[in-house]
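S.K.: When you get a sec, could you give me coordinates for this:
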Amino acid sequence: MTRILGIDPGSRTTGYGVVELEKGEYRYIESGALRIRGETLPQRLHAIFDSVSEVLDRCQPDDFAIENVFMHRNADSALKLGQARGAAICSAANRAVTVYEYTPAEIKKAVVGRGNATKEQVQMMMRALLKLSGNPQADEADALACAVCHGHHSSNIRKLGLPLSGSRRGRWR
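M.R.: Purely as a prediction, here's the structure:
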C-alpha cells in the first residue's frame with residue numbers, strides 16, 4: 001500500500017489530496033483547500049510551508065506529488081506559483097518524503113485521458129474514481145488528480161520492474 005499526497009500549489013489557495021493505492025485500487029483519505037493568509041509574499045510562503053507541513057504530519061504520505069509550473073501569459077504569476085511550489089517542496093524535503101513532479105497536461109491525461117481536459121472533467125473523474133458523494137472543489141480535485149497521476153505512473157514503472165527513482169520525472173531529496 002502506498003499513501004500519496006498530491007498538491008496543487010497556489011500563493012492564495014493550495015489544494016491538497018491524499019489517496020492510498022493498493023493493488024490497483026484507490027482509496028480516498030482526505031482533501032482540502034488551504035487558504036493562505038498573509039499580507040506579503042514571504043508571509044504567504046511561510047504559511048504554505050506550515051500548512052503543508054501539518055498535512056504531512058497528519059497524513060504521513062509515502063510519496064509527494066506536485067503540479068509543475070507552467071508559463072501562460074503572466075510571468076509574475078508564474079514566479080509566485082514557482083515560489084509557492086518551492087515552499088511546499090521544502091516542507092516535504094524537510095520530512096524526507098520523496099517529491100515527484102507532473103505537468104498539468106500529464107495529470108489531466110492520466111485521470112481523464114486528455115491533456116487538455118477541463119477542470120469540470122477532472123472534478124467528475126475524481127468523484128467517480130474515488131467514489132466521492134459530490135464533486136470536490138477545483139483545487140482539491142486538481143490535487144487529488146495529481147496524487148492519482150503519480151499512483152498510475154509509479155504502478156506502471158513498478159510493473160516494468162524499473163526502480164521508481166529512475167523514472168522519467170526524477171525525484172528530489
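
S.K.: Could I get the full set of strands for the protein?
M.R.: If DSSP state E is used as the criterion, the strands of the chain fall at 2-8, 13-22, 25-35, 63-67, 98-102.

S.K.: Report the mean confidence score over stretch 151-166.
M.R.: Computed over stretch 151-166, the mean pLDDT rounds to 66.

S.K.: And stretch 50-68, by the same measure?
M.R.: Per-residue pLDDT values across stretch 50-68 average out to 96.

S.K.: Just the CA trace of that stretch, in PDB.
M.R.: Once non-C-alpha atoms are left out, stretch 50-68 reads as follows in PDB (Å, rounded to 0.1, in the frame of the first residue of the first chain):
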ATOM      1  CA  ASP A  50       3.400  25.400   7.700                       C
ATOM      2  CA  SER A  51       0.100  24.300   6.300                       C
ATOM      3  CA  VAL A  52       1.600  21.600   4.100                       C
ATOM      4  CA  SER A  53       3.800  20.500   7.000                       C
ATOM      5  CA  GLU A  54       0.700  20.000   9.100                       C
ATOM      6  CA  VAL A  55      -0.900  17.900   6.300                       C
ATOM      7  CA  LEU A  56       2.300  15.800   6.000                       C
ATOM      8  CA  ASP A  57       2.500  15.300   9.800                       C
ATOM      9  CA  ARG A  58      -1.200  14.300  10.000                       C
ATOM     10  CA  CYS A  59      -1.400  12.000   6.900                       C
ATOM     11  CA  GLN A  60       2.100  10.500   6.800                       C
ATOM     12  CA  PRO A  61       2.400  10.000   3.000                       C
ATOM     13  CA  ASP A  62       4.900   7.800   1.400                       C
ATOM     14  CA  ASP A  63       5.100   9.900  -1.800                       C
ATOM     15  CA  PHE A  64       4.500  13.600  -2.500                       C
ATOM     16  CA  ALA A  65       3.300  14.600  -6.000                       C
ATOM     17  CA  ILE A  66       3.100  18.200  -7.000                       C
ATOM     18  CA  GLU A  67       1.900  20.000 -10.100                       C
ATOM     19  CA  ASN A  68       4.800  21.600 -12.100                       C
END
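
S.K.: Could I get the buried residue list for that stretch?
M.R.: The neighbour-count criterion (16 or more other CB atoms under 10 Å) identifies S51, V52, S53, V55, L56, P61, D63, F64, A65, I66, E67, N68 as the buried residues of stretch 50-68. Bear in mind the C-beta positions are built from the backbone N, C-alpha and C, glycine included.

S.K.: so which of those residues comes closest to A78?
M.R.: Taking CB to CB as the measure, A78 lies nearest N68 of those, at 11.1 Å.
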